[in-house]
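[1] Compute the structure for the input listed below.
(one chain, ligands or ions: 1)
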Amino acid sequence: MVHPAPRAPERSYYECCECGYREMTDSLESCPECDGRTRNIAVARA
Ligand SMILES: [Zn+2]
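    Okay, the predicted model is just below:
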């Protein structure tokens with residue numbers, strides 16, 4: 001049940017340009033909701 005801790009979370013936020021859907025993932029080519037274009041928005045670094 002223990003997740004191996006990644007050294008640093010290297011994920012990016014992707015936001016759909018069409019419907020505003022957001023997902024934090026490594027890559028997202030198209031929106032799973034509407035199949036629209038997505039853009040990479042910067043990860044907020046704490
Ligand atoms: Zn969308």
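
[2] from here on, contacts and neighbour counts on C-alpha atoms
    OK.

[3] Flag every residue of this protein that's near the ion.
    Residues of the chain found near the ion (CA under 5 Å from the ion) are 16, 18, 19, 31, 33, 34, 36.

[4] would you turn those residues into a markdown table with secondary structure, distance to residue 42 and pLDDT?
    A markdown table is the format used below for the residues of the chain next to the ion (DSSP: H, G, I helix; E, B strand; the rest coil; distance: CA to CA, whole Å; pLDDT from 0 to 100):
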| residue | secondary structure | distance to residue 42 | pLDDT |
| --- | --- | --- | --- |
| 16 | strand | 14 | 97 |
| 18 | coil | 18 | 97 |
| 19 | coil | 18 | 98 |
| 31 | coil | 17 | 97 |
| 33 | coil | 21 | 97 |
| 34 | coil | 22 | 98 |
| 36 | coil | 19 | 98 |
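
[5] Between all of these, which two are at the greatest distance?
    Greatest spatial distance among the residues of the chain next to the ion (CA to CA): 18 and 33, at 9.7 Å.

[6] all strands of this structure, in order?
    Under the criterion DSSP state E, the chain contains strands at 12-16, 22-25, 38-41.

[7] for the longest one, packing partners?
    When you say that, I think you mean strand 12-16. In terms of contacts (3 or more CA pairs under 8 Å, 6 or more residues apart in numbering; DSSP states H and E), strand 12-16 is packed against strand 22-25, strand 38-41.
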